[in-house]
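Visitor: sequence and predicted structure below; questions after.
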Amino acid sequence: MSPELVIALLAAAVQAGTPILFATLGEIISEKAGVLNLGVEGVMALSAFAAFITCHLTGSAWLGLLAGGMAGTLLCGLHSLVCQVFLGNQVVSGLALTLFGVGLATFLGTPYVGQSTEGFAKIALPLLSDLPVLGPIFFRHDVLVYLCYASPVAVWFLLNRTSLGLGLRAAGEMPAAAAAAGLKPQRLRAFGVMAGGFLCGLGGAYLSLAHTHLWTTGLSGGRGWVAVALVIFAFWRPGRAVIGAFLFGSVMAFQLRLQATGTNVPSSLLLMLPYALTVIVLVFSAARARRSGAPAALGVNIEPED
Amino acid sequence: MNLVIRKREKSLGWGVLVVYLVALALALFVCALLLTLSGKSGMGGLAILFRAAFGQGYSLLDSLVKAIPIFLCALGVALSFRMQVWNIGAEGQFALGAVGATWAALTFSGLPGFALMPLMFLCAMACGGAWGLLPAALRLRLGVSEIISSLMLNYIGILLLEYLVFGFWKDPASFGFPMTAEFSSGGQIARIAPGVLGKLHWGLLACPIAGVAYSVFLSRTRLGFELAACGEGERVARYAQLPYAFLVFLVMGLGGALAGLAGSIEISATVGRLQPTVMVGYGYTAIVVAWLARLRPWGIAFTAYLLAAFRVGAEVMQLEMQVPAAIGPIMEGLILLCVLAGQFFLTYSVSLGRAPKPEAACPGGNGAEEARP
């Protein structure tokens, strides 16, 4: 492979990794607060549509982005309602959310299949984009990618350097102790799920506004599930999530490139790559993730006291 | 005055039915609202749903045919949910079952039906079971969450099926369509009475057999009791020295075998060959069914039929009202969400009133951390 090709591939990897990173960070916030959200796939699908339709109707990509984030927040609010208020099983509620979200996105989006939208244009950052090698890989993208560079730091700061983050982690580790300390673990959890939903929504919005610029069904294509897996790979740390997202971005970009160049490897086998890689990544990180990282009360609802 | 929430001391009895009906009504109401918002007739949609479930003879039979694979998959899923093992891989196990059965049907096409059919079922159950055992092994040996691995195996299983059908199993006489050659007559399940009972086929027999085996296993065998005891969670099970690892393997293997059986019955009875269009998400519907039925066999039978009927209804809506097919999963997701919320009222009673003063503040509040099954 020529150097130009490698650089183009890595730049594509950054783009493919961006929605995954947003979603992974969102899921990290939610799980740190103690709520397992298996609805990410549905959230991404629905917010991709919300972003698309808003941008399509108003012509504003920023409004579209906001709509994507809000759609994520609302849908995760539903998860929060079922799990925090009605104490529903988090695993099952998340699955239901995925069914509902993907279904709703397909349902509402059917009349718009194949239509395109302006979305975000690529902006080459001055000076930085002229750097050799690094410039074309990292600094000639759309503004969402740049936003994505800042987001792991922001999430890390929120979780580790603010009292809100401390409260969130307490609600995820030991809600009873948090309540005894005068916090409101229920509300903190609801906030965590919905804030995480907003980030997942941004990931979904990226898909329609910056990745494809057009609406098709099945836009999320399993990325939400990859994000759920990457949270474990990342040991619930924003920094490691970056590595995971970039790794998956690379594989997806590589697979697309191979398909485009027309190899004789059947496309079904190429499409398997990201899913197989998800399992492999889990195999290599599960043991350590068990020992360190998992919030103690993850997936366990807070029951009312009698 | 505020809301007082208490754990119920005795079960709700018939109230359970009320809770379920209200949840179902709420979900269907939202669906009708969606239909209305998208410019279709909401009431017309609901009418079609109920016609499919309880109305005309033809769609009743169609619903019953669709209920067969859903019922079998749901039994398998329910088995693992009983011990809080989250097998959501029924869809992939279904695909592998179809692949296994196809291999047998294409390889031994000369055999008569009484030999070929059991062979197909066996291969299907072995393949589906193996696909289920994989996440179990990863979970027990390496601590990999079975939720994600079994889900990923769904995608991989379906792609494997497509790879085979697009590749070297493709029928040269299919004019480029992705499908295998039609199975020999020995490899096809016959219809019971084509004139009277429509598409209903002998595969239906598998349902009562599997259902009875499921209830006998759970209520009459030692392993079944141990399995129920494991429902309290892994730590409890290990503490009580139950064979936890063995049971995980067992439920995942059996669940996979049941889904695989469903896959082989589905292809052999409805299309008589393997083609990617057989993957329509029965494995996901099965999860909804298992949970709605609270993992009980009769409940699973009834709910499988109901959701199969809603699938038929969604198809009719698609044909008659040009409603996108996605209304099906929307309905399933909404029903599940509403029922999950409704199940709260089965465990807790809510009343208006002053909270009684606790006699002594209980320290720690250990009860707050138990997982709710």
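Guide: Yep, that arrived.
Visitor: just the buried residues of the helix or strand hosting B:Gly97, please?
Guide: Element membership for B:Gly97 (DSSP states H and E) is helix B:90-107. Across helix B:90-107, burial judged by 16 or more other C-beta atoms under 10 Å in any protein chain shown covers B:90-106. Where you see a C-beta, it was placed from the backbone N, CA and C, and this is true even at glycine.
Visitor: give me the low-pLDDT residue ranges for the chain?
Guide: Reading this off chain A. Flagging of chain A using pLDDT under 70 yields the residue ranges A:1, A:306.
Visitor: my question was about chain B
Guide: Applying pLDDT under 70 to chain B flags residues B:1, B:354-373.
Visitor: wait, what's in contact with the closest residue to chain A within it?
Guide: Residue nearest to chain A within chain B (C-beta to the nearest C-beta): B:Gly333, separated by 2.9 Å. Counting by C-beta atoms under 8 Å, 6 or more residues apart in numbering or on different chains, B:Gly333 touches A:42, A:96-101, A:103, B:288.
Visitor: skipping adjacent residues, who's closest to it in space?
Guide: Among residues not flanking B:Gly333 along the chain, A:Phe100 sits closest, at 2.9 Å (C-beta to C-beta, 6 or more residues apart in numbering or on different chains).
Visitor: sorry, back to before: check the gap between the residue of chain B closest to chain A and B:Thr285 for me.
Guide: According to C-beta to C-beta, to the nearest Å, B:Gly333 and B:Thr285 sit 11 Å apart.
Visitor: what is the neighbour count of A:Pro304?
Guide: By other C-beta atoms under 10 Å in any protein chain shown, the residues close to A:Pro304 number 15.
Visitor: secondary structure class for it?
Guide: Using DSSP: H, G, I helix; E, B strand; the rest coil, the structure places A:Pro304 in coil.
Visitor: equivalent analysis for A:Thr106, please.
Guide: Recorded secondary structure, A:Thr106: helix (three-state DSSP).
Visitor: my guess is it meets A:Leu219, correct?
Guide: No. A:Thr106 is beyond contact range of A:Leu219, at 9.6 Å (criterion: C-beta atoms under 8 Å).
Visitor: list residues touching both of the two?
Guide: Residues within reach of A:Thr106 and of A:Leu219 at once, by C-beta under 8 Å, 6+ apart, are A:Ala45.
Visitor: break down the stretch 1-150 of chain B into its helices, ranges please.
Guide: B:15-37, B:42-54, B:57-82, B:90-107, B:113-142, B:146-166 (DSSP state H, counting those that start in this stretch).
Visitor: most neighbours per residue, which of those?
Guide: helix B:90-107 (a mean of 29; mean count of other C-beta atoms under 10 Å in any protein chain shown).
Visitor: elements contacting it?
Guide: Secondary-structure packing of helix B:90-107 (3 or more C-beta pairs under 8 Å, 6 or more residues apart in numbering or on different chains; DSSP states H and E): helix B:57-82, helix B:113-142, helix B:146-166, helix B:244-266, helix B:282-292.
Visitor: who wins for proximity to A:Lys32 among the ones you listed?
Guide: With C-beta to C-beta as the measure, helix B:146-166 is the member of the helices and strands packed on helix B:90-107 nearest A:Lys32 (18.1 Å).
Visitor: how about the residues of the stretch 51-200 of chain B by chain A?
Guide: For the stretch 51-200 of chain B, the contact set with chain A under C-beta under 8 Å from any C-beta of the partner chain comprises B:86, B:88, B:138, B:142-145, B:147-149, B:151-153, B:155-156, B:159-160, B:162-163, B:166-167.
Visitor: make it 6 Å
Guide: Within the stretch 51-200 of chain B, the positions lying close to chain A (C-beta under 6 Å from any C-beta of the partner chain) are B:86, B:142-144, B:148-149, B:151-152, B:155-156, B:159, B:162-163.
Visitor: quick one: end-to-end distance for stretch B:184-199.
Guide: With C-alpha to C-alpha, to the nearest Å as the measure, the ends of stretch B:184-199 fall 19 Å from one another.
Visitor: name the residues that touch that stretch?
Guide: Residues from elsewhere that reach stretch B:184-199 (C-beta atoms under 6 Å, 6 or more residues apart in numbering or on different chains): B:61, B:65, B:105, B:109, B:111-113, B:116, B:200-203, B:268-269, B:272.
Visitor: which of these sits closest to A:Val251?
Guide: Nearest to A:Val251, judged by C-beta to C-beta, of these is B:Ala105 at 35.3 Å.
Visitor: how close does the nearest residue to B:Ala286 once chain neighbours are set aside get to A:Ile232?
Guide: In space, and not counting its chain neighbours, B:Ala286 is closest to B:Cys73: 3.5 Å by C-beta to C-beta, 6+ apart. Separation of B:Cys73 from A:Ile232 (C-beta to C-beta): 27 Å.
Visitor: what do you get for B:Ala23?
Guide: Per C-beta to C-beta, B:Ala23 is found 32 Å from A:Ile232.
Visitor: nearest residue to the single nearest residue of the stretch 201-306 of chain A relative to chain B other than its sequence neighbours?
Guide: Minimum separation of the stretch 201-306 of chain A from chain B (C-beta to the nearest C-beta) falls at A:Ser268, amounting to 3.8 Å. Closest residue in space to A:Ser268, ignoring its immediate chain neighbours: B:Tyr163 at 3.8 Å, by C-beta to C-beta, 6+ apart.
Visitor: pretty sure that neighbour sits against A:Leu270.
Guide: No. B:Tyr163 lies out of contact with A:Leu270 (C-beta atoms under 6 Å); the separation is 10.1 Å.
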